[in-house]
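Enquirer: From the sequence below, what's the structure:
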Amino acid sequence: VVNLRGVGGGGKTSALVTLNGVKINQLVDDAVLLKAFPVSDIARVEVLKGGTSGVAYGDGALSGVVNIITEDPTKEKQTKVETSIGSFGQFNNLLAVSGTQEDLGYVVTLNKEFNDGYRENSAYDGKSGSAKLVWDNKENSRIELYMLSHEDETEAPGSLSELQAKEDRRQAGDFKGKYWNEYHHFSLSYDRQLTENISYNILGYRTQRYSDSDFGWGYYEITEPSIGANANVKINKEWGNKSNVVIIGTEIREQEASTGPKNSGHSHSKVNGSAFYVQDTFSVNDKLFFDTGYRYDRAIYDESLTWPSFEGELEFEGHSPAVGARYKFNDISSVFANYSRRFKMPAIYDLDAVTPEYNDNVNVDPQISDNYEAGINYRPSKYFDSQLVYFILNTNDEIMYDPFNFKNSNFDTKRNGIEGKTFSEITDKFGFGVNAAYMNAEFDGSAFNNNSLPMTPKEKYGLELKYKFDDNLIFSFDWKFIRDFYRANDFNNNF
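Expert: Numbering: from 1, shown residues only. So this is what the prediction gives:
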């Protein structure tokens, strides 16, 4: 589960997560199988919360976008072998080879990870392999091929009662089980610089997920293939100290899902989606910038569901406008303000129950969020960077599990808060950062009006320390503290 600004605190992913531009949120449960992507493969992670970021990335970015970019090939041939151990039986092995021959570069990574887990029946055993090939003629063309294959076995210890937790918080609960996951990812992109001012990108992809689980009442499996393509054209025009960048793009995708008890009746879903977007960044001068954008998403769900029993089509569409402005006082400080509307279609588990005792709901509406933010950036030197942001996030028809009606339902919600962060490089070797956030999150209307949203903390604090001994050895420490939130499904704020 990946959440930003408290959206999805009940266990649903609120952020759109992409890998090299390919959406990796799963259709069935909106989950992101982050264990499938070895840390050694990742060059950087872009977290885009406000502004026009949702325009280019699309459906699913209620509270923002997390864009994972994998490592490019190195210029010189390199071989990396790593072994690490940690607490609770953690053991990792890594082999990576990278290099470039003329215009063709390559990165190949093999990764094996195991740990026993903190609690009984919480072990993890996974392995991944990936390859990235890049052809770049250094003039006007680049072709990138990325392939990934992953499988794991993950134990789930189950929840504990208050009495069990007091006796031994490391013991397994009564509802323990095990998951088996497979994930395969293939993407191919082509970038072309047509003229000095015009370029385009074409991206095609295919992913395949298979998941099986056993919690004592039988095996439950998920099969989920998807295929799609994106294309965009970028036009850049400069005159004097003014410039304008326009990006026009389109997407198509086909996703399928089969869920249900193994060797028994399954629910089947097929989603055909398409989108069109345009994004514009205009600089009046070297101080004032304006961002605008618009996106249209449409999808048709062809459903054959088990719980509830439903056969037919569901159609969803969304309109996502965005506008923003930035002003640079000087090279060290700037202010910004943005508005954007985000759209998110239901996941299959929003429509279809896992077991008959729940009554999931094919009548849920898509979620729509209005995002407002204003903030300041301050960077007096390359050794110090800070940001302070105030945000308002109002969501219409947020999908949450209703514990009183035993089904997913729509609720209007409202959130507002302040986020601050800073990072300082004291020396070339040592750096530290602190971050803090305060947020108020409530129901807006319904029988729970003004009650706090479950699993959404009011306060979050963090501390980050880094020390670089040399190019091959880096020590890092990351501490987080979260307080003041109600338990899952506690709409009445009793616990």
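Enquirer: Where in the protein is the helix or strand with the lowest mean pLDDT?
Expert: helix 53-57 (a mean of 78; mean pLDDT, DSSP states H and E).
Enquirer: right, and the helix or strand after that helix?
Expert: Downstream of helix 53-57, the first helix or strand assigned by DSSP states H and E is strand 65-70.
Enquirer: What pairs with whichever helix or strand comes after that next one, parallel or antiparallel?
Expert: Scanning forward in sequence from strand 65-70 by DSSP H and E, the next helix or strand is strand 78-86. Sheet partners assigned to strand 78-86 using DSSP bridges are listed as strand 90-101 (antiparallel).
Enquirer: so what's Tyr438 up against?
Expert: Listed by C-beta atoms under 8 Å, 6 or more residues apart in numbering, the contact partners of Tyr438 are Gly417, Ile418, Lys458, Glu459. (Each C-beta comes from the backbone N, C-alpha and C, glycine too.)
Enquirer: still on that earlier bit, tell me the helices and strands packed up against the least confident helix or strand of the chain.
Expert: Applying 3 or more C-beta pairs under 8 Å, 6 or more residues apart in numbering; DSSP states H and E, one finds that helix 53-57 contacts strand 16-19, strand 65-70, strand 267-283, strand 288-305, strand 310-328, strand 333-344.
Enquirer: thinking again about what came up before, going through the contacts of Tyr438, which ones are buried?
Expert: With burial judged by 16 or more other C-beta atoms under 10 Å, the buried subset of these is Gly417, Lys458.
Enquirer: Between the contacts of Tyr438, which sits nearest Leu95?
Expert: Glu459 (42.1 Å; C-beta to C-beta).
Enquirer: Show the pLDDT at the nearest residue to the closest one once chain neighbours are set aside.
Expert: Leaving aside its chain neighbours, Glu459 sits nearest to Arg483 (5.0 Å; criterion: C-beta to C-beta, 6 or more residues apart in numbering). Arg483 carries a pLDDT score of 86 in this model.
Enquirer: show me what contacts Arg483?
Expert: Pro457, Lys458, Glu459.
Enquirer: Count the residues that sit near the nearest residue to the second one once chain neighbours are set aside.
Expert: To tie it back to what came earlier, the one meant is Lys458. Spatial nearest neighbour of Lys458, excluding adjacent residues (C-beta to C-beta, 6+ apart): Asp484 at 4.0 Å. Asp484 has 12 neighbouring residues, counting by other C-beta atoms under 10 Å.
Enquirer: now do Ala96
Expert: Around Ala96 there are 19 residues (other C-beta under 10 Å).
Enquirer: and it, what does it touch?
Expert: Per C-beta under 8 Å, 6+ apart, neighbours of Ala96: Ser40, Gln78, Thr79, Lys80, Val107, Val108, Thr109, Leu110.
Enquirer: Now for these: which two are most distant?
Expert: Checking the contacts of Ala96 with C-beta to C-beta, the most distant pair is Gln78 and Leu110, at 14.7 Å.
Enquirer: more neighbours, the two?
Expert: Leu110 (16 against 12).
Enquirer: any idea how far the more buried one lies from Ser130?
Expert: 8 Å (C-beta to C-beta, to the nearest Å).
Enquirer: likewise Leu94?
Expert: 11 Å.
Enquirer: What are the neighbouring residues in contact with the nearest residue to Arg170 once chain neighbours are set aside?
Expert: Nearest non-adjacent residue to Arg170, counting by C-beta to C-beta, 6+ apart: Arg119, 4.8 Å away. Shown in contact with Arg119 (C-beta under 8 Å, 6+ apart): Pro157, Arg169, Arg170, Gln171, Ala172.
Enquirer: sorry, back to before: what's the closest of the contacts of Ala96 to Ser141?
Expert: Nearest to Ser141 among those, with distances taken as C-beta to C-beta, is Val107, at 19.5 Å.
Enquirer: residues touching that closest one, list them.
Expert: Asp41, Thr70, Glu71, Asp72, Pro73, Thr74, Ala96, Val97, Ser98, Ser130, Ala131, Lys132.
Enquirer: what number of residues lie near the fifth one?
Expert: The one in question is Pro73. Pro73 has 21 nearby residues by other C-beta under 10 Å.
Enquirer: try the second one
Expert: Thr70 is flanked by 21 other residues according to other C-beta under 10 Å.
Enquirer: My guess is it contacts Val22. True?
Expert: No: counting by C-beta atoms under 8 Å, Thr70 does not reach Val22; the two are 10.9 Å apart.
Enquirer: Out of the contacts of Arg483, flag the one nearest to Glu139.
Expert: Pro457 (50.4 Å).
Enquirer: Tell me how far the residue nearest to Arg170 lies from Asp152.
Expert: Taken as C-beta to C-beta, the span from Arg119 to Asp152 is 18 Å.
Enquirer: what's the answer for Phe406, then?
Expert: In terms of C-beta to C-beta, Phe406 sits 31 Å off from Asp152.
Enquirer: Without its sequence neighbours, what residue ends up closest to Ser269?
Expert: Per C-beta to C-beta, 6+ apart, closest to Ser269 is Ala257, 4.4 Å.
Enquirer: try Gly375
Expert: Nearest to Gly375 is Val389, by C-beta to C-beta, 6+ apart, at 3.6 Å.
Enquirer: Quick one: list the elements packing against the helix or strand hosting the one you found.
Expert: With elements taken from DSSP H and E, the one containing Val389 is strand 384-402. On a contact count with 3+ C-beta pairs under 8 Å, 6+ apart, strand 384-402 meets strand 367-381, strand 407-425.
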